[in-house]
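Asks: Need a 3D model of the following:
(one chain, ligands or ions: 1)
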Amino acid sequence: MSKYIDRVLEETRKKNAGEPEFLQTVEEVLTSLAPVIDAHPEYEKASLLERMVEPERTIEFRVTWLDDSGHYQVNRGYRVQYNGALGPYKGGLRFHPSVNLSIIKFLGFEQTFKDALTGLPIGGGKGGSDFDPRGKSDGEVMRFCQAYMTELYRHIGQDIDCPAGDLGCGNREINYMYGQYRRLVGASEFGALSGKSVGNGGSLMRAEATGFGAVYYLCEVLKDAGESIEGKRIAISGFGNVCWGVTRKVAELGGKVVTLSGPDGYIYDPDGITTQEKIDYMVEMRNSGRDKVQDYADRFGCEFHAGEKPWGLGADKVDIMMPCATQNDVKIESAKKMAANGIRFYIEVANMPTTNDALEFLKKQENMIVAPSKAVNACGVAVSALEMAQNAERLYWTAEEVDAKMHQIMTGIYQASKEAAARYGLGYDLVAGANIVGFQRVADAMMAQGIF
Ligand code: GLU
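Replies: Residues are numbered from 1 along each chain as shown. Purely as a prediction, here's the structure:
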């Protein structure tokens, strides 16, 4: 591996000790870039990697809001404007008690490459707060969002930084934040936030985009493997918005999602989550705020496995594994089970759902195809960029228009990743290919814009 990469990794570890998630993603991305770095000695002279791993700007702020019992609550807010070489910083806001700087930096670093992969003019950023939306009333969520935006508004804008949702931050939260932004700047500057509700500046298909896009990508993988999604049984984790999109599209194309998971365990439904009633129930379960997936098993009379993940299911029950929940959902023990069980398709959907050792292990399995989340889940942010384009044009596109672009973007990402890996002699390596394409686009723009 290139000595330059080794040196940058060592410096990054020293500078960012105590930020494990961030270091995990930097290691994963940088180690896969060796052939590109070796082919471009000018990058080292321009300290390109050192500049890329350092966010352009990190904003940390206090968020004070009034709860329903009349007490003032204090949370910490973040926005990391990671890399703006390709366009306005773009990426979601995560509201979850686990949020800290390491998590926001890992998400921002990933986002930079993901956004570049879409081929659209967007840079990478990410933000959030350690606010826990679970169990909060609507009024509390509104006051938190208003307080969050009261600080954030000065750092964002349609040509500066356009945040969107992520875990714990959906339509409702984005709408509240957009309302506060509009009041503060005194203008209908729609493009400063994406993921707004339809009819409130939001794009049709944004809610479906991440899940549908993941399935479009999967279909490309299957096509190249000489197979189709019809009849395929898919295990997913989580039961939120992304799962809803994946489940719907898989059902529409004749496959079936057979598991869901939550903090309490996983459910296995051999008939598949294919009916409208079951899909609607997923949404109900999410909106209940109970954060329990056992409710599904109770309602539809299927198996519930308390405290377990679905990754140990054998090839007699599952053909494709798609982690859709959160980071580090699949560790080495789960990866070993998948390999021993003869699972052939491992398609990441959530951001960094696999630990680095587990990912390395899975990539080494001869009969396993591995696809990386920064490519597979890129359709969400891509439709956010399309939302910005619609806002700039002051009009709405139809669902069919957006869906056609989603197909085009996801096919483009798959093809570009596949070709890049082959060009650098790495064979059919979708993980390295995605890193290389994303990196190359950001690198070209940064080199062209001069050193600063
Ligand atoms: N949070 C989503 C992501 O990880 C969406 C970001 C966006 O739409 O800007 O890509």
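
Asks: all contacts plus neighbour counts: C-alpha atoms, from now on.
Replies: OK.

Asks: So which residues on the stretch 101-250 of the chain come close to the ligand?
Replies: By CA under 6 Å from any ligand atom, the residues of the stretch 101-250 of the chain that approach the ligand are 163-166.

Asks: Helices of the stretch 251-400 of the chain, residue ranges please.
Replies: Residue ranges of the helices in the stretch 251-400 of the chain, as given by DSSP state H, counting those that start in this stretch, are 276-287, 294-300, 332-340, 356-364, 373-376, 378-393, 399-423.

Asks: For the ligand, find the nearest of those helices.
Replies: For the ligand, the closest of those is helix 378-393, at 3.6 Å, according to CA to the nearest ligand atom.

Asks: what angle do that closest one and helix 399-423 make?
Replies: 130 degrees (axes from the mean of the first three to the mean of the last three CA atoms, to 10 degrees).

Asks: Give me the contact list for helix 378-393.
Replies: The contact list for helix 378-393, computed with CA atoms under 8 Å, 6 or more residues apart in numbering, reads 90-91, 114-115, 117-118, 120-122, 158, 164, 190-191, 194-195, 201-203, 205-207, 209-214, 396-397, 402, 406, 409-410.

Asks: Quick check: ChimeraX command selecting the buried ones in those residues.
Replies: Restricted to buried positions by 16 or more other CA atoms under 10 Å, the ChimeraX selection for the contacts of helix 378-393 reads:
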select :90,91,114,115,117,118,120,121,122,158,164,190,191,194,195,201,202,203,205,206,207,209,210,211,212,213,214,396,402,406,409,410
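
Asks: Name the residue of the stretch 151-300 of the chain that lies nearest to the ligand.
Replies: Asp166 (4.0 Å).

Asks: Kindly tell me how buried that residue is, as a neighbour count.
Replies: Number of residues near Asp166 (other CA atoms under 10 Å) recorded here: 19.

Asks: Surely it and Val99 touch.
Replies: No: using CA atoms under 8 Å, Asp166 is not in contact with Val99; the gap is 11.6 Å.

Asks: Assign the residue lying closest to Ala399 once chain neighbours are set aside to helix, strand or coil.
Replies: The spatial neighbour of Ala399 that comes closest, neighbours along the chain excluded (CA to CA, 6 or more residues apart in numbering), is Leu204 at 5.4 Å. Under the three-state scheme (DSSP: H, G, I helix; E, B strand; the rest coil), Leu204 adopts coil.

Asks: OK, contacts around Leu204?
Replies: Contacts of Leu204 by CA under 8 Å, 6+ apart are 198, 397-399, 402.

Asks: Wait, a helix at Arg441?
Replies: Yes: with three-state DSSP as the criterion, Arg441 is part of a helix.

Asks: Give me the pLDDT for it.
Replies: In this model, Arg441 is scored at 98, pLDDT.

Asks: Quickly note the distance from the closest residue to it other than its chain neighbours to Ala85.
Replies: Ranked by CA to CA, 6+ apart and with sequence neighbours excluded, the top spatial neighbour of Arg441 is Ala116, at 6.2 Å. Ala116 sits 10 Å away from Ala85, going by CA to CA, to the nearest Å.

Asks: And the two? Which one has more around it.
Replies: Set Ala116 next to Ala85 and count neighbours by other CA under 10 Å: Ala116 wins out with 29 against 22.

Asks: Next, find the distance separating the more buried one from Tyr266.
Replies: 34 Å.

Asks: same deal with Tyr4?
Replies: Counting by CA to CA, the gap from Tyr4 to Tyr266 is 44 Å.

Asks: With Cys169 instead?
Replies: In terms of CA to CA, Cys169 sits 23 Å off from Tyr266.
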